[in-house]
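In: coords please:
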Amino acid sequence: MLSKTERLKKNIDFVKTYNIKKSVSNALLILYVGEKNKNPQYPTKVGFVVGKKIHKKAIKRNRIKRHIKEAFKKYKQEHPEYSNYWYSMIFLARPDTLDTDFNQVYNAVKNCMNKALKKYSEHAKTS
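Out: Got it, this is the predicted structure:
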């Protein structure tokens, strides 16, 4: 479980991140990223969204959220240099996520993070 300081909780924070309109996606997830984190000591806030269109039962939606959270935590442990790159991030699940296992979800999270870093980081633009 992510600590309270690492979770995106307020609706206004979700809206601000969505309004920046920086996103990348793959078959399982859409990742919205907020502004670049100016203070690396301040942790990135992360939100996880699984809509009712994915499945009407909360049990199924929560299972997907748990997989995405654990995949993000694993990515964060393996790549600590990128874990606090943005101020906020939102992972939005797509319908195909329902029929996948943890390894596929982890690969989707990793893929989205790598795409976002390549597309929106200053390091990639100058290299």
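In: CA only for contacts and neighbour counts going forward, please
Out: Noted.
In: quick check, Asp96 in a helix?
Out: Yes - secondary structure of Asp96, determined by DSSP: H, G, I helix; E, B strand; the rest coil: located in a helix.
In: how about the residue nearest to it when sequence neighbours are not counted, what does it touch?
Out: Excluding its sequence neighbours, the residue lying closest to Asp96 (C-alpha to C-alpha, 6 or more residues apart in numbering) is Leu28, at 5.7 Å. Taking C-alpha atoms under 8 Å, 6 or more residues apart in numbering as the criterion, Leu28 is in contact with 93-97, 105, 108.
In: now swap in Tyr82 and tell me
Out: Tyr82 sits in contact with Lys76, where contact means C-alpha under 8 Å, 6+ apart.
In: how much space between it and Lys57?
Out: As judged by C-alpha to C-alpha, to the nearest Å, Tyr82 and Lys57 stand 34 Å apart.
In: Got phi/psi on the residue nearest to Asp96?
Out: For Leu28, the backbone dihedrals are phi -110, psi -30 (criterion: degrees, to the nearest 10).
In: elements contacting the lengthiest helix in the chain?
Out: Of all the segments of type helix in the chain, defined by DSSP state H, the longest one is helix 58-78. Helices and strands touching helix 58-78, by 3 or more C-alpha pairs under 8 Å, 6 or more residues apart in numbering; DSSP states H and E, are strand 45-49, helix 102-120.
In: can you list contacts of that helix?
Out: Counting by C-alpha under 8 Å, 6+ apart, the neighbours of helix 58-78 from elsewhere in the structure are 1-2, 48-52, 54-55, 82-83, 91, 93, 97-98, 102, 105-106, 109-110.
In: ok, Asn111 to Ala27 distance?
Out: Distance, Asn111 to Ala27, using C-alpha to C-alpha: 10 Å.
In: With neighbour numbers in mind, choose between these two.
Out: With neighbours defined as other C-alpha atoms under 10 Å, Asn111 and Ala27 compare such that Asn111 has more, 16 against 11.
In: Fine by me, we can end here.
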